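[1] how would this look folded up:
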Amino acid sequence: MLRSLMLSLPLSIALLGTVHAAELTPEQQDKVAQHCADNPAQCEKIRARAEEMKAKCAADPAKCEEMKQKMQERRAELKAKCDADPVKCEEKKQQMKERRAEMQAKCDADPKACEERKAKWKERMEKRRGE
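    Coordinates of the predicted model:
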């Protein structure tokens, strides 16, 4: 059960392994379980991506560790910014929430175009990471 919870966490956390399922509080475990019950398709995509990343990490552990380190540094940087200016941080979170809703509406309206955008984004990210 803990493994499935780990793979159900938000993508960035699950893929980079910065939070282990054993470290989840009961509240977090309940939240993850509820999220997956409400969004089984999304959880399945996350699980598939996590398995893909696990295979990549097994193939190149050094690169995997480098990526984990970069994400930890990025999270620390973002936390410091939020601690320094919580109001601005909340505004940014709200903007991102609105942007996600806007993008979801576009995807609902035109799934084919959405998949094309996602494929281009994935390709761009892979180039950026040097994959």
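[2] and the strand or helix carrying Q28, what's buried?
    Q28 belongs to helix 26-38 when assigned by DSSP states H and E. Going by neighbour count (16 or more other C-beta atoms under 10 Å), the buried part of helix 26-38 is 32, 35-36. Heads up, the C-betas are built off the backbone N, CA and C, glycines and all.
[3] export the following helix or strand past that helix as CSV, just CAs?
    Downstream of helix 26-38, the next assigned helix or strand under DSSP H and E is helix 40-59. Presented in CSV, the C-alpha positions along helix 40-59 are these (Å, rounded to 0.1, in the frame of the first residue of the first chain):
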residue,chain,number,x,y,z
PRO,A,40,-7.8,7.2,-11.3
ALA,A,41,-6.6,8.0,-14.8
GLN,A,42,-4.3,10.8,-13.6
CYS,A,43,-2.9,8.5,-10.9
GLU,A,44,-2.3,5.8,-13.5
LYS,A,45,-0.4,8.3,-15.6
ILE,A,46,1.7,9.3,-12.6
ARG,A,47,2.4,5.7,-11.8
ALA,A,48,3.5,5.0,-15.4
ARG,A,49,5.8,8.1,-15.4
ALA,A,50,7.2,7.1,-12.1
GLU,A,51,8.0,3.6,-13.4
GLU,A,52,9.6,5.2,-16.5
MET,A,53,11.8,7.4,-14.3
LYS,A,54,12.7,4.5,-12.0
ALA,A,55,14.0,2.7,-15.1
LYS,A,56,16.0,5.7,-16.2
CYS,A,57,17.4,6.0,-12.7
ALA,A,58,18.4,2.4,-12.7
ALA,A,59,20.1,2.9,-16.1
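[4] helices or strands up against helix 40-59?
    Other helices and strands packing on helix 40-59, by 3 or more C-beta pairs under 8 Å, 6 or more residues apart in numbering; DSSP states H and E, are helix 2-7, helix 11-16, helix 61-84.
[5] re earlier: quick one, the helix holding Q28 and helix 40-59 angle?
    Helix 26-38 and helix 40-59 meet at an angle of 110 degrees, taking axes from the mean of the first three to the mean of the last three C-alpha atoms, to 10 degrees as the criterion.
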